[in-house]
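Q: Attaching a predicted model along with its sequence, questions to come.
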Amino acid sequence: MPFAIALADFQVPASMVWSREALIGYLYGQGAKTRENDGRKFAVPTTATHLLGGTGFPAGLFTDSRNEELSAIIFTNACAISKLSRVSISSGADTKGLRYTRIGNFFDRTPGALKGIPFCLDITSEEYKTLWPQHYEPWCAEMEVFHNPFARYPFPKALLPEVTHWFELGGEIVCESFYETSILWSQTIIQKQSDRIITLDDFVADPT
C-alpha cells in the first residue's frame, strides 16, 4: 500500500507564505536562481545536497531509494481557518457584515516567468468566484502531492484527482495542475463592511 505524509506549516505566524518553496528544495534538492544577461533576466536551475544553516541537514529526500517506503508528501499553503471561511462564503454563505479580502500571488504560467502575479480580491466578487469552474473556491485548491520517484509503492494520482501533482517525467520533476488557477501564497484580511476597502496598492509599491 502507498504511504504518504500530510504536512502543514504552523511553526510561526504566516510561515505558509514562504515554506512551500523550501519544501520543494528539501524533497528534490532542486531550486532556481535569477541571472541576467544583456539586460534580460532568466532562471537557472540549482541543486543542493544540504539545507542552509549550520546543521548540515541533508537535502534531497526524494533523490534516491533510501526513502522508498515514503510514497509522497501532501502539502497545502492554505490550510488555515480562513480556508473554511473562503470556501463557504465564496459559495454563497452570509458574511454577517464582514468583508473578506484575499491577497497573494497567482502562479504565472507564461513561459519564462520569474515571479507570481499579485492579486487582491474580495472573495464574494464575481472575479474571485470565476477563478474556478465550480464558481466558488474548492476545498482542494492549493493542495499539492509531491511524489517520490523511487517509491516502492507509488501514490496513485487518481486518489486525489483535483490537486497539483509533482512527479518525475523524462528525468525531470514536473508539476501537473488540475485547476488553471494556482495560488503560490496568500493571506485573508477580514474587515467590517464599513471599513475602507483595501486594494493591491496597500500591499505592493508597484502593482504592475
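A: In hand now; what should we look at? Residues are numbered from 1 along each chain as shown.

Q: CA atoms for contacts and neighbours, from now on please.
A: Will do.

Q: Find me the pLDDT at the spatially most central residue of the chain, would you?
A: For the chain, Leu184 is the residue whose C-alpha lies nearest the centre (C-alpha atoms, centre = their mean; 4.0 Å). If you check Leu184, the pLDDT there is 91.

Q: Could you pull up the mean pLDDT of stretch 22-31?
A: pLDDT averaged over stretch 22-31 gives 90.

Q: What residues of that stretch count as buried?
A: By neighbour count with 16 or more other C-alpha atoms under 10 Å, stretch 22-31 contains the buried residues Leu23, Ile24, Gly25, Tyr26, Leu27, Tyr28, Gly29, Gln30, Gly31.

Q: ok, which stretches of this protein are strands?
A: Counting by DSSP state E, the chain has strands at residues 4-7, 30-37, 40-47, 72-76, 98-106, 117-122, 143-147, 164-169, 172-176, 183-192.

Q: Mean neighbour count, the ones you listed: which tops it?
A: Among these, strand 143-147 has the highest mean neighbour count (mean count of other C-alpha atoms under 10 Å), at a mean of 23.

Q: Need the pLDDT of the closest residue to Ser15 other than its chain neighbours.
A: Nearest non-adjacent residue to Ser15, counting by C-alpha to C-alpha, 6 or more residues apart in numbering: Asp9, 6.4 Å away. Residue-level confidence at Asp9 comes out at 84, pLDDT.

Q: ok, the residue nearest to the centre of the chain touching Phe106?
A: Yes. Counting by C-alpha atoms under 8 Å, Leu184 does reach Phe106; the two are 5.8 Å apart.

Q: got any residues that touch both of those two?
A: Gly116 (C-alpha atoms under 8 Å, 6 or more residues apart in numbering).

Q: what's the neighbour count on Pro133?
A: Look at Pro133: counted by other C-alpha atoms under 10 Å, it has 12 neighbours.

Q: So what does it have for phi and psi?
A: As for Pro133, its main-chain torsions (degrees, to the nearest 10) stand at phi -60, psi -20.

Q: what sits against it?
A: Per C-alpha under 8 Å, 6+ apart, neighbours of Pro133: none.

Q: again with Met143
A: So Met143 contacts Ile74, Phe75, Thr76, Asn77, Ala78, Val163, Thr164 (C-alpha under 8 Å, 6+ apart).

Q: closest to Tyr100 among the residues you listed?
A: Ala78 (15.0 Å; C-alpha to C-alpha).

Q: which non-adjacent residue is nearest Glu68?
A: Ala151 (4.2 Å).

Q: Under the pLDDT cut-off, which ranges of this protein? List them.
A: Applying pLDDT under 70 to the chain flags residues 205-208.

Q: repeat that with 80
A: Along the chain, segments meeting pLDDT under 80 span 14, 16-18, 204-208.

Q: if I look at the residue nearest to Ser15, how far off is Ala78?
A: 10 Å (C-alpha to C-alpha, to the nearest Å).

Q: Torsion angles phi and psi at the residue nearest to Pro154 when sequence neighbours are not counted?
A: In space, and not counting its chain neighbours, Pro154 is closest to Ser71: 5.4 Å by C-alpha to C-alpha, 6+ apart. The phi/psi pair for Ser71 (degrees, to the nearest 10) reads phi -80, psi -40.
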